[in-house]
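Colleague: The following block contains a protein sequence and its predicted model.
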Amino acid sequence: MKKLLAFAVVAGGVFFVIKRNKDAKAEADLWREATAPVDTHVNGASLNGSTPASTGAGQN
């Protein structure tokens, strides 16, 4: 009976560590995504639908 109880405690500890590590990774991924710089222009087109501002360089 003691062996079964010890096995249950060890298995519970392993599952707890695995869950804690998975949750920490998910939190780190979410934080990384939330704080990543946003590229607002792709090939000269703005992602929000507006036209890009011109700098006047090279225009006559």
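Modeller: Yes, it's here.

Colleague: which residues of the chain fall in strands?
Modeller: 41-42, 45-46 (DSSP state E).

Colleague: gap between K22 and E33?
Modeller: Applying C-beta to C-beta, to the nearest Å, the value for K22 to E33 is 17 Å. Where C-beta positions appear, they are placed from N, C-alpha and C, glycine not excepted.

Colleague: wait, E27
Modeller: Separation of E27 from E33 (C-beta to C-beta) stands at 11 Å.

Colleague: and if you look at A24?
Modeller: 15 Å.

Colleague: next one: F7
Modeller: Going from F7 to E33 by C-beta to C-beta gives 39 Å.

Colleague: try L5
Modeller: Distance of L5 to E33, given as C-beta to C-beta: 42 Å.

Colleague: and if you look at D23?
Modeller: In terms of C-beta to C-beta, D23 sits 16 Å off from E33.

Colleague: With A6 instead?
Modeller: According to C-beta to C-beta, A6 and E33 sit 41 Å apart.

Colleague: Likewise for V10?
Modeller: Relative to E33, V10 is positioned 35 Å away (C-beta to C-beta).

Colleague: how deep is K25 tucked in, by neighbour count?
Modeller: Neighbours of K25 under the rule other C-beta atoms under 10 Å: 10.

Colleague: The chain: helices as residue ranges?
Modeller: Here the chain has its helices, by DSSP state H, at 2-35.

Colleague: tally of neighbours for P37?
Modeller: Using other C-beta under 10 Å, P37 has 5 other residues around it.

Colleague: same question, E33
Modeller: Neighbours of E33 using other C-beta under 10 Å come to 8.

Colleague: What of I18?
Modeller: Neighbour tally, I18, other C-beta under 10 Å: 10.

Colleague: Could you do D23 as well?
Modeller: For D23, the count of nearby residues is 10 (other C-beta under 10 Å).
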